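Visitor: heads up, no residue letters with this:
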C-alpha cells in the first residue's frame, strides 16, 4: 500500500505465530489507577517513559468505560460523562482492535483492571483474562506478605 509520500506501508502486522509470542504488553491496575504490574514482550518501539505510559493507559480505560456507559442504549440513567463508575456498573467493553494491535480488558468486582495488548488477529481473550485474575487472587491477594497497592514482583 502506498501512502501520501509514496513510501510503502504495510496494512497489517505479521500474522501471529503458533509459538505463542502474540502478547505485546500486560498491565494490572488497582481501583485507584496504580499500576501493580507491567510486562512487555514484543514491543519494538518505546515512545513514553513507563509512568507516562501507565497514566495514558489508565486514562484510556477510564474514558472508554465512561463513553460506553454514556452510549448504552439499554439504560435510561446515563450519568455524567467522565464520572467514575463502580466496577460492573453500566455498559462495559471487552476489547478494541486497530490495524496494529488488539487491546483486551477485564475489570473485576474488586476494581482490579487487567489489560492485554496483543496481535490484532488474536481472538477473544475473556477466558485467559479470567485465568490471569485467578492467578492474581491465588498468588497475590491471598499472599500474607503482599501489601495491597504495592507493585507485584
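Guide: Structure's in. What do you need? None of the values given here were measured: they were computed from a predicted structure. Residues are numbered from 1 along each chain as shown.

Visitor: wait, isn't residue 34 in contact with residue 149?
Guide: Yes: in terms of Cβ atoms under 8 Å, residue 34 counts as a neighbour of residue 149; the distance is 5.9 Å. Backbone N, C-alpha and C define where each C-beta goes, glycine included.

Visitor: helix, strand, or coil at residue 64?
Guide: Using DSSP: H, G, I helix; E, B strand; the rest coil, the secondary structure recorded for residue 64 is helix.

Visitor: ok, it touching residue 93?
Guide: Yes: at 5.8 Å, residue 64 counts as touching residue 93 under the criterion of Cβ under 8 Å.

Visitor: tell me the confidence at the residue positioned nearest the centre of the chain?
Guide: Relative to the mean C-alpha position of the chain, the nearest C-alpha, by Cα atoms, centre = their mean, is the one of residue 115, at 2.6 Å. As predicted, residue 115 sits at a pLDDT of 95.

Visitor: go on, the one 10 residues further on?
Guide: According to the predicted model, the pLDDT of residue 125 comes to 92.

Visitor: tell me how many other residues surround it.
Guide: Using other Cβ atoms under 10 Å, the number of residues around residue 125 comes to 22.

Visitor: that one and residue 51, how far apart?
Guide: 26 Å (Cβ to Cβ, to the nearest Å).

Visitor: before we move on, what about residue 60?
Guide: Summarising the geometry, the distance separating residue 60 from residue 51, computed by Cβ to Cβ, is 15 Å.

Visitor: for the worst-scoring helix or strand of the chain on mean pLDDT, packing partners?
Guide: Averaged element by element with mean pLDDT, DSSP states H and E, the chain has its least confident helix or strand at helix 50-71 (a mean of 86). Counting contacts by 3 or more Cβ pairs under 8 Å, 6 or more residues apart in numbering; DSSP states H and E, helix 50-71 packs against strand 23-29, strand 35-40, strand 102-107, strand 113-118.

Visitor: starting at the chain centroid, how far to the third one?
Guide: On the basis of Cα atoms, centre = their mean, to the nearest Å, the separation between the geometric centre of strand 102-107 and that of its chain is 4 Å.

Visitor: hang on, the earlier thing: so for residue 60 and residue 51, which sits in the more crowded spot?
Guide: The residue with more neighbours, out of residue 60 and residue 51 and counting by other Cβ under 10 Å, is residue 60; that gives 14 against 9.

Visitor: thank you kindly, that will do.
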